[in-house]
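K.L.:
pasting the sequence and the predicted model now:
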Amino acid sequence: MREHKYVIIGGGCSGMAAALQLWKLGEEDILLIDRGEKLGGVLNQCLHQGFGDEYFECDMTGREFALQLSEKLRGTGVKVMTDTTAAGLSPDGKVSFTNSDGYFTVSAGAVILAAGCRERPIDGTQVFGTRPAGIFTAGQAQRMGNSGGYDIGENFVILGSGDVGMIVARDLVLRGKNVIALLERKALCGGLERNRRDCIEEFGIPVKTQCTAYRILGSNRIEGVEARHLDTGEREIIPCDTLIVSTGLIPERELLEEACAGGAWPEWLFLSGNCDFVHDTADEAARDGEAAAVQASEYLKTGKRPPQGEKVRGVRGKLGPEERVCLGCPRACILRVRDGKIEGNACDNYDRSVTV
């Protein structure tokens, strides 16, 4: 079995930043794997500005941000494997992965999990009706339009006002599409203030707050959305041929189930980036990757896991019998169920909690 000192799972901004930081620290024998055709992850489909202000001190697109990091990696001894999917992470530090050459297992001294996050699909929301063509997550719409050049519709309704949803709404308007409405169940739009200003206000995109999609209309292709106003209970039909769903992100932590099967958090395992918790910006996720690299390096040098400090978010050990991890929003709060009451949630989305 092949052994590596460090294995990094995920080649987005956080994983690449972690690999670069390890190399800067004088570390060697670093393996970085990513399931995509090239490094960068979701950054490769982000053609808008707003990346790199902090990390590179230069405003750039997401694709440029990814290219800068990958170019820096070319000048190092980090071994990179793309088109490679991590399939398992055992409690003894063995990483299994698969690619076109077959199925492999390597042993690692330290593993940095930088797998990013996934979008919550419409099946994870309480929307009734049919499931016709013309329904996409915001990331899917972004990828198909920016990377694939596909035309996915003309008249759009967007469910959810997160950063990605607002950016996709602006991109659609710039392509000459009609964004009929952006629906937000809370009283105010979510996401960063700069995106609300630059995407929603600057382009005059209609926003309906305290409003959500109640039912999908249509058979072969979506024909409209029945929206429900949460403050009044009234419903209205909004005709459209495409629905974009932007209802939250969930950290990709499936590999933790096997890694933590022994009951405790493995000392050799470090989370970074959006796999740890969903960051507001790619710059922050990259810095988080650097922090995880420093911790992993210190662990292998001293044999002791360094204190996590303020970086601790989400799961960091075996949950108690009364504890749950909330997936209702990106915060991933640790909830406690006591006497039939739920405590520890930072918002009102605790009803989607699951055990990790």
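P.N.:
Arrived safely.
K.L.:
helices along the stretch 151-300 of the chain, start to end?
P.N.:
163-174, 193-195, 255-259, 282-302 (DSSP state H, counting those that start in this stretch).
K.L.:
let me have those helices in a markdown table, adding distance to Gly11, mean pLDDT and mean neighbour count as columns.
P.N.:
The way it works is simple: take the backbone N, C-alpha and C, and place the C-beta from them, glycine included. Shown next, in a markdown table, are these (distance: least, CB to CB, whole Å; pLDDT from 0 to 100; neighbours: other CB atoms under 10 Å):
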| stretch | distance to Gly11 | mean pLDDT | mean neighbour count |
| --- | --- | --- | --- |
| helix 163-174 | 20 | 94 | 23 |
| helix 193-195 | 25 | 89 | 15 |
| helix 255-259 | 15 | 92 | 18 |
| helix 282-302 | 11 | 95 | 21 |
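K.L.:
dump those helices into a markdown table; add distance to Val7 as well.
P.N.:
Putting these into a markdown table (distance: least, CB to CB, whole Å) gives the following:
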| stretch | distance to Val7 |
| --- | --- |
| helix 163-174 | 29 |
| helix 193-195 | 35 |
| helix 255-259 | 12 |
| helix 282-302 | 10 |
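K.L.:
Phe203 is nearest to which of the ones you listed?
P.N.:
helix 163-174 (4.9 Å; CB to CB).
K.L.:
any chance you could list what contacts the closest one?
P.N.:
Under the contact criterion CB atoms under 8 Å, 6 or more residues apart in numbering, helix 163-174 has outside partners 46-48, 119, 138-139, 141-142, 145-146, 156, 158-159, 179, 182, 189-192, 195-196, 198-200, 202-203, 205, 244, 246, 280.
K.L.:
mind redoing it with 7 Å?
P.N.:
The contact list for helix 163-174 (CB atoms under 7 Å, 6 or more residues apart in numbering) reads 48, 138-139, 141-142, 145, 156, 158, 179, 182, 191-192, 195-196, 199-200, 203, 205, 244, 246.
K.L.:
with stretch 181-195 instead?
P.N.:
Stretch 181-195 is contacted from outside by 157-163, 165-167, 169, 196, 200, 205-213, 227, 230, 238, 280, using CB under 7 Å, 6+ apart.
K.L.:
tally up the residues packed near Ile180, please.
P.N.:
Residue neighbour count, defined by other CB atoms under 10 Å, stands at 18 for Ile180.
K.L.:
buried residues in stretch 19-34, which are they?
P.N.:
Neighbour-count burial for stretch 19-34, with 16 or more other CB atoms under 10 Å as criterion, is recorded at 19-23, 27, 30-34.
K.L.:
and that stretch, how far from the chain's centre?
P.N.:
Its chain's average C-alpha position is 23 Å from that of stretch 19-34, according to CA atoms, centre = their mean, to the nearest Å.
K.L.:
now the terminal residues of that stretch, how far apart.
P.N.:
Stretch 19-34 has an end-to-end distance of 12 Å (CA to CA, to the nearest Å).
K.L.:
neighbouring contacts of it?
P.N.:
Residues contacting stretch 19-34 (CB under 7 Å, 6+ apart): 4-11, 15, 72-73, 76-82, 84, 86, 97, 106, 289-290, 293-294, 297.
K.L.:
and if you look at stretch 100-113?
P.N.:
With contact meaning CB under 7 Å, 6+ apart, stretch 100-113 is reached by 1-10, 18, 31, 83, 89, 93-97, 255, 268-272, 275, 292-293, 296, 299-300.
K.L.:
just the buried ones from those residues, in ChimeraX syntax?
P.N.:
To isolate the buried subset of the contacts of stretch 100-113 in ChimeraX, counting by 16+ other CB under 10 Å, use the following:
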select :4,5,6,7,8,9,10,18,31,89,93,94,95,96,97,255,268,269,270,271,272,275,292,293,296,299
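K.L.:
quick one: contacts for Ala227?
P.N.:
Per CB under 7 Å, 6+ apart, neighbours of Ala227: 183, 208, 211-214, 235-236, 238.
K.L.:
kindly confirm my reading that Ser107 forms part of a strand.
P.N.:
Yes: membership of Ser107 in a strand is supported by DSSP: H, G, I helix; E, B strand; the rest coil.
K.L.:
tell me which element the residue lying closest to it once chain neighbours are set aside is part of?
P.N.:
Leaving aside its sequence neighbours, Ser107 sits nearest to Glu3 (CB to CB, 6 or more residues apart in numbering; 4.6 Å). Under the criterion of DSSP states H and E, Glu3 resides in strand 2-9.
K.L.:
after that strand, which helix or strand is next?
P.N.:
Later in the chain than strand 2-9, the nearest helix or strand by DSSP H and E is helix 13-24.
K.L.:
what average pLDDT does that following helix get?
P.N.:
For helix 13-24, the mean pLDDT works out to 98.
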